[in-house]
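[1] The sequence and its predicted three-dimensional model are supplied below.
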Amino acid sequence: QVQLVESGGGLVQAGGSLRLSCVASGRTFSNYGMAWFRRAPGKEREFVAAITRTGSSTYYANSVKGRFAISRDNAKNTVYLQMNSLKPEDTAAYYCAADYLPTPISENARDYDYWGQGIQVTVSS
C-alpha cells in the first residue's frame, strides 16, 4: 500500500500562485509515476500533470501548460505542483496519484493505483 497526503491548497486571487505537495509513504517512491488530477464541482475528474519515475519527463494538460509545473524529490518521497497565473477555472479539488512501474506514464486516471484524499484550491476573480 502507498499512502498519499496532499497539502498546500487554499484560497488565492486570480493571477496568484500556490504550490501543492504530496508526500508518499509505504513503498519505494521511485517505483511510481506520479500525477495530479482535479475535479471541479459538477465536472468530471481531469488530468492535470504527470511526471515519470526519475522526473526526466513531464506531461501537462493543455489548459495548464505554461502555468503549472510538476516536479518530484525522490529523496523526500514528495511530488509537487507549482501553480502560477491561477484562474477561477482552476478552482477544484486536486488529487495526487501514483502508478506502479508505469509503461508508459499515463494521463488516464484508471491507470493509477493509489490516490490521495484531495485538497481544495479556490481561485477568486
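    Looks like it arrived, so ask away.

[2] use CA for all of it now, contacts and neighbours both
    OK.

[3] Contact partners for the most centrally placed residue in the chain?
    Geometric centre of the chain, nearest residue: Trp36, 2.2 Å, by C-alpha atoms, centre = their mean. Taking C-alpha atoms under 8 Å, 6 or more residues apart in numbering, we find Trp36 in contact with Phe47, Val48, Ala49, Ala50, Leu81, Tyr94, Tyr95, Cys96, Ala97.

[4] Recalculate using a threshold of 7 Å.
    Phe47, Val48, Ala49, Ala50, Tyr94, Tyr95, Cys96, Ala97 (C-alpha atoms under 7 Å, 6 or more residues apart in numbering).

[5] Following element in sequence after the helix or strand harbouring it, please.
    Per DSSP states H and E, Trp36 falls inside strand 32-39. Per DSSP H and E, the first helix or strand lying C-terminal to strand 32-39 is strand 46-51.

[6] Can you spell out which helices and strands pack onto that following strand?
    strand 32-39, strand 58-60, strand 68-73 (3 or more C-alpha pairs under 7 Å, 6 or more residues apart in numbering; DSSP states H and E).

[7] most packed of those strands?
    strand 32-39 (a mean of 25; mean count of other C-alpha atoms under 10 Å).

[8] Extract the CA atoms of it and return them as PDB.
    Extracted in PDB, the C-alpha atoms of strand 32-39 (Å, rounded to 0.1, in the frame of the first residue of the first chain):
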ATOM      1  CA  TYR A  32       5.900   5.100  -9.100                       C
ATOM      2  CA  GLY A  33       5.000   7.500 -11.900                       C
ATOM      3  CA  MET A  34       3.100  10.400 -10.200                       C
ATOM      4  CA  ALA A  35       0.400  12.700 -11.400                       C
ATOM      5  CA  TRP A  36      -2.100  15.300 -10.400                       C
ATOM      6  CA  PHE A  37      -5.700  15.300 -11.300                       C
ATOM      7  CA  ARG A  38      -8.500  17.700 -10.400                       C
ATOM      8  CA  ARG A  39     -12.300  17.700 -10.100                       C
END
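
[9] can you start the count at 23 instead of 1 from here on
    Taking 23 as the first residue, the last one we looked at is strand 54-61.

[10] could you give the angle of it to strand 90-95?
    150 degrees (axes from the mean of the first three to the mean of the last three C-alpha atoms, to 10 degrees).
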